[in-house]
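*Asks:* Task: produce atomic coordinates for the following.
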Amino acid sequence: LDLDGTLLDPDREAPVREAVKTAIEETLQLGIGVTLATGRTWEYARGRIQELGLSLPMVASHGATLVAADGTILWENRLDDQLALDLTSRAQSLEPVVAFYYRDRENNQLVIRQNRALDSMDVYHHLLGPQTRLASDLSDYMRGHQVLKFVVFDDSPHAVENWGQWSGPQAHVSRTHHLLVEGTAPGIDKGVGVRRLLEHLKLSSDRTLVIGDNYNDLPMFAVSGTSVAMGQAPLEVRRAAHWVAPAFADDGVAAALRRFVL
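*Replies:* Predicted coordinates for the structure are as follows:
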């Protein structure tokens, strides 16, 4: 399951909808595994993992991380250090809000730092993660850290293309939210993450159902046996799916699980 717009309200913190929670509980009771594939980090998702009683590893950070339910990193691909240093230096003076996710080289702890705030910090804590803070110099954090990914607040139609040009070929840029585009290491996307998850679990792709609502879900649609798009997803995403569920507000995840699993 994708998180924002699929399992969770993309614009505010709220519990998982009751009908969806019930359908997930019934799926787990059948002995069928449920997990997450999201642009979010495990640090953000762990509350939902506990809320839903999930135990499988999850695909996090837009496919850059495969992480066990207890937070143990099983695999992770981070941005090239020189590229990260260049991008963090250039991002400091940009007008849009740009955030970088830094991983401590020794203990793998995550910190999130952004160049500026154009809204309440509560907004950034919801969209980026509770570890988010303003930084006077983003490149300072390169000492002792590596960059996992970057996030730019840009809802313009050409944001992916523009920020892809800004970061260059050493990063993969895609839209993950109607307000956000994200950059990860080249070749990294949710499809890569799901394939690594399936290899880890020794499962074939035709045994996999994926549910998502945005362009960054297309790669995992392509590697799954069955793909479901949420009803409010963009047309291209809906066309790529095997089935279109009701929208988030109409408990689309519950409908998909009842159609294909329960």
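*Asks:* Please, where are all the strands along the stretch 101-250 of the chain?
*Replies:* According to DSSP state E, counting those that start in this stretch, the stretch 101-250 of the chain carries its strands in the segments 110-114, 132-134, 145-153, 172-177, 180-184, 209-212, 226-229, 243-244.
*Asks:* for the closest residue in space to A135 that isn't next to it in sequence, what are its contacts?
*Replies:* Leaving aside its sequence neighbours, A135 sits nearest to R113 (CB to CB, 6 or more residues apart in numbering; 3.8 Å). Every C-beta, even on glycine, is put in place using the N, C-alpha and C of the backbone. Going by CB atoms under 8 Å, 6 or more residues apart in numbering, R113 touches A99, F100, Y102, T132, R133, L134, A135, L138, Y141.
*Asks:* partners of R113 in the sheet?
*Replies:* Counting by DSSP bridges, R113 is bridged to F100, R133.
*Asks:* how far away is it from E95?
*Replies:* 17 Å (CB to CB, to the nearest Å).
*Asks:* likewise G225?
*Replies:* Distance from G225 to E95, by CB to CB: 44 Å.
*Asks:* Neighbour count: these two, which is higher?
*Replies:* Shown here are G225 and E95; by other CB atoms under 10 Å, G225 has more neighbours (14 against 8).
*Asks:* pLDDT wise, what is the nearest residue to that one once chain neighbours are set aside at?
*Replies:* Excluding the flanking residues, the one nearest G225 by CB to CB, 6+ apart is D206, at 3.7 Å. At D206, the predicted lDDT confidence score is 94.
*Asks:* count of neighbours near D206?
*Replies:* If we define neighbours as other CB under 10 Å, then D206 has 8 of them.
*Asks:* Tell me how far it lies from M58.
*Replies:* Distance, D206 to M58, using CB to CB: 21 Å.
*Asks:* One more: A69?
*Replies:* Between A69 and M58 the distance is 7 Å, computed by CB to CB.
*Asks:* Compare neighbour counts for the two and give me the winner.
*Replies:* Ranked by neighbour count (other CB under 10 Å), A69 and M58 place M58 first, with 26 against 18.
*Asks:* isn't the more buried one right up against R46?
*Replies:* No - between M58 and R46 there is no contact under CB atoms under 8 Å: 9.3 Å.
*Asks:* lowest average confidence, helix or strand, in this protein?
*Replies:* strand 172-177 (a mean of 89; mean pLDDT, DSSP states H and E).
*Asks:* what's it packed up against?
*Replies:* helix 159-167, strand 180-184 (3 or more CB pairs under 8 Å, 6 or more residues apart in numbering; DSSP states H and E).
*Asks:* Just checking: what are the partner strands of that strand?
*Replies:* strand 180-184 (antiparallel).
*Asks:* Now tell me what touches the strand it pairs with from outside.
*Replies:* 39, 61-64, 77, 79, 87, 127, 148-154, 159-160, 163-164, 167, 171-176, 216.
*Asks:* one more time with 6 Å, if that's ok
*Replies:* With contact meaning CB atoms under 6 Å, 6 or more residues apart in numbering, strand 180-184 is reached by 39, 62, 64, 149-152, 154, 159-160, 163, 167, 171-173, 175-176.
*Asks:* angle of that strand against helix 159-167?
*Replies:* Angle of strand 180-184 versus helix 159-167, following axes from the mean of the first three to the mean of the last three CA atoms, to 10 degrees, is 40 degrees.
*Asks:* buried ones in strand 180-184?
*Replies:* Using 16 or more other CB atoms under 10 Å as the test for burial, strand 180-184 gives L180, V181, E182, G183, T184.
*Asks:* try stretch 119-136
*Replies:* Applying a neighbour-count criterion of 16+ other CB under 10 Å, one finds V123, Y124, H125, H126, L127, L128, G129, Q131, T132, A135 buried in stretch 119-136.
*Asks:* And for the third one, nearest residue in space, chain neighbours not counted?
*Replies:* Which is H125. T132 is the one closest to H125 (CB to CB, 6+ apart), at 5.7 Å.
*Asks:* I figured the one you found was touching Y124, is that so?
*Replies:* Yes - with contact defined as CB atoms under 6 Å, T132 reaches Y124; the gap is 4.8 Å.
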